[in-house]
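Chemist: What follows is a protein structure lacking sequence information:
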């Protein structure tokens, strides 16, 4: 997820950079419609919210936080999405304007199609008490510090021409906030730090995905050479000539696949943080899924009843605590990432009963009174996180029952309005327009010692799309830049073209430095902003 440009040598391939008047008008119309839709969606959600109106100060903070979050996605766009269009522009399969519009459209479709699993997987790295109190001063300090740190590092590496990963940057920023939160907390307060078990899964995805990109792309190119023995597929572009129509079709298809996959995975990072911002500023509108209607209430109650039976059987006769005691017990379990004996099961039983009573009294989750929304959402979050811990200790029917209950809880709290997805897609698309040219030259000419061929570009993009979609299926963030650039490097190695080691060195350097530098930046910012707020 980076601007891979590591030098200023001009490309030997002439690249069109000025869009036609009609294309520019069409692009502006699309942007106007998208921005109008996003603004209308935000205003409608705020207007429909019950409870007291948003204070001026809170409204300003909300607007600023949303702008910074979309700013991160904008930077992500010119760091990252441009990788998807690099091959199709470099080979002159599409003009830059057409390629950017195509990529932006497919990114939007990918964002709309995404499940949100990656978004909430990223959020799960944050300290639980900051998530529960995201609207507090510490919550705002968390949001601003991790977003600003991520943007600063991404801009700095882009300015210096270092290929940094936006996924690495965001994960590093979140971990920096978690560590700083733990260091700044008074002893004995039970403050949680980073969920290292979740972090290990993220680290594994970020570390191994470039290796997957390198070796699979190399293998796919060799397979293509064996199966498709058409010399035109393995030529590098020359001058202003365009490839054969069937090569253009192949590269447009692979570009579209990477763009769609990128939207489905990378777009979710910003969406998750935007939802945290909205929940903190306006819990009555965004803390619970108002799309959950009365028709879904019986199924929710049934899942609760079945889960309660499991909780009671494992509580081993421990008395059910009151609601406040149960919440405290669940928070301890989540902070320590382990159940605390039968008491945790009894606390689960108590909170499950309390949530069910609230839902039944209101008629549906979407109809819960404004005054109770924040507490119900936090109860659902704590319960869902504790159920994940409990799930590992069960098997068979009991495991299925609390799994169904956890799904019902997350469906009530983990949702993303369509206008948020559209806003993120627009930010990604605008970012792509800024950074595509530098990346095109690097991907085409500065990774290998020979220029990129059509077959190499197709192989690298096919592998990148499949890898990103696979990671999305398991809720893991991956680096599009690292997968694609390592894929190009793999095809160069398989082709016997050789690598430009200065570029490879810079990629490796950014890979190593991004996490610790982002952690340090966000940790320092969190300490400063927490004092300011």
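Modeler: Now that the structure is in, tell me what you want to look at. Just so you know, these numbers come straight off a predicted model, no measurement behind them.
Chemist: From residue 78, how far out is residue 518?
Modeler: Going from residue 518 to residue 78 by CB to CB, to the nearest Å gives 18 Å. In this view, the C-beta of every residue, glycine as well, is placed from N, C-alpha and C.
Chemist: out of these two, which sits in the more crowded spot?
Modeler: Legend: neighbour count by other CB atoms under 10 Å for residue 518 and residue 78, higher for residue 518 (27 against 24).
Chemist: who touches the closest residue to residue 85 other than its chain neighbours in this structure?
Modeler: Spatially, and ignoring its direct neighbours in sequence, residue 85 is nearest to residue 99 (4.3 Å; CB to CB, 6 or more residues apart in numbering). Taking CB atoms under 8 Å, 6 or more residues apart in numbering, we find residue 99 in contact with 85, 88-89, 255, 436.
Chemist: Let me have those in JSON lines, adding secondary structure, pLDDT and neighbour count as columns.
Modeler: Formatted as JSON lines, the contacts of residue 99 follow (DSSP: H, G, I helix; E, B strand; the rest coil; pLDDT from 0 to 100; neighbours: other CB atoms under 10 Å):
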{"residue": "85", "secondary structure": "helix", "pLDDT": "80", "neighbour count": "27"}
{"residue": "88", "secondary structure": "helix", "pLDDT": "84", "neighbour count": "29"}
{"residue": "89", "secondary structure": "helix", "pLDDT": "82", "neighbour count": "30"}
{"residue": "255", "secondary structure": "helix", "pLDDT": "87", "neighbour count": "28"}
{"residue": "436", "secondary structure": "helix", "pLDDT": "66", "neighbour count": "27"}
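Chemist: Okay, buried residues for the helix or strand harbouring residue 218 please.
Modeler: Element membership for residue 218 (DSSP states H and E) is helix 196-227. Burial within helix 196-227, assessed by neighbour count using 16 or more other CB atoms under 10 Å, is assigned to 198-199, 201-202, 205-206, 209-210, 212-218, 220-221, 224-225.
Chemist: domain parsing for this protein?
Modeler: The chain breaks down into these domains under automatic domain parsing: 21-282+416-532, 290-413.
Chemist: what is the rounded mean pLDDT of the last one?
Modeler: Rounded to a whole number, the mean pLDDT of domain 290-413 is 87.
Chemist: For the stretch 301-450 of the chain, which segments count as helices?
Modeler: 323-336, 342-362, 370-391, 396-413, 418-441 (DSSP state H, counting those that start in this stretch).
Chemist: So which of the domains of the chain is the most surrounded?
Modeler: Among the domains of the chain, ranked by average contacts under mean count of other CB atoms under 10 Å, first place goes to domain 21-282+416-532 (a mean of 21).
Chemist: how distant is that domain from the center of its chain?
Modeler: 8 Å (CA atoms, centre = their mean, to the nearest Å).
Chemist: thinking again about what came up before, turn the contacts of residue 99 into CSV, including distance to residue 495.
Modeler: Shown next, in CSV, are the contacts of residue 99 (distance: CB to CB, whole Å):
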residue, distance to residue 495
85, 22
88, 20
89, 21
255, 20
436, 25
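Chemist: Which members of those residues are the farthest-apart pair?
Modeler: Largest separation among the contacts of residue 99 by CB to CB: 255 and 436, giving 11.7 Å.
Chemist: hey, what's in contact with both of these two?
Modeler: Between them, residue 255 and residue 436 share the contacting residues 85, 99, judged by CB under 8 Å, 6+ apart.
Chemist: Which residues lie in contact with the closest residue to residue 204 other than its chain neighbours in this structure?
Modeler: Leaving aside its chain neighbours, residue 204 sits nearest to residue 476 (8.0 Å; criterion: CB to CB, 6+ apart). By CB under 8 Å, 6+ apart, the residues touching residue 476 are 118, 121, 201-202, 204-205.
Chemist: Lovely, talk soon.
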